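*Asks:* need a structure here:
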Amino acid sequence: MADLSGASTRKAVPNAVLAAVPEAKEQAARNFAAQLWALRERIGVGDLVVMPLKGSPQVALGRVSDRYRYLDAESDSERRHVRPVRWLVTDLPRTAIR
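*Replies:* Model (predicted):
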């Protein structure tokens, strides 16, 4: 999946997804595009992030600290689209959240 920095509208993202994954079913491509658009545009600097920690009964809490970035040099292609986060708590028990 290519850099979305130049995607100025939500309608541009599904086209980028289908270009990257032409074999994707239309609904799957739309779903992935919606997630990417939210990461790129809907999430804002200062927004709160709650991330469940796999294999752990805990969650991490943080605040988005910068705009969308595409890490071209990242070797794992599934980790290239990012929003920097300043983690505030990394060991909050899930039971503390209602």
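*Asks:* the domain parsing of the protein - what is it?
*Replies:* Residue ranges for the domains of the chain, per automatic domain parsing: 1-42, 44-98.
*Asks:* okay if I get the ones you listed as JSON lines plus mean pLDDT and mean neighbour count?
*Replies:* C-betas here are computed from N, CA, C, even on glycine. Compiled in JSON lines, the domains of the chain are given as follows (pLDDT from 0 to 100; neighbours: other Cβ atoms under 10 Å):
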{"stretch": "domain 1-42", "mean pLDDT": "82", "mean neighbour count": "14"}
{"stretch": "domain 44-98", "mean pLDDT": "93", "mean neighbour count": "12"}
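*Asks:* Which strands or helices does the longest strand anywhere in the chain pack on?
*Replies:* The residue-count maximum for a strand in the chain (DSSP state E) belongs to strand 85-93. For strand 85-93, the packing partners by 3 or more Cβ pairs under 8 Å, 6 or more residues apart in numbering; DSSP states H and E come out as strand 58-64.
*Asks:* Would you list the strands that the strand it packs on pairs with, along with their directions?
*Replies:* In the sheet, strand 58-64 lines up against strand 48-52 (antiparallel), strand 85-93 (antiparallel) (DSSP bridges).
*Asks:* Now do the shortest one: everything it contacts.
*Replies:* Translated: strand 48-52. With contact meaning Cβ atoms under 8 Å, 6 or more residues apart in numbering, strand 48-52 is reached by 59, 60, 61, 62, 63, 64, 85, 94, 97.
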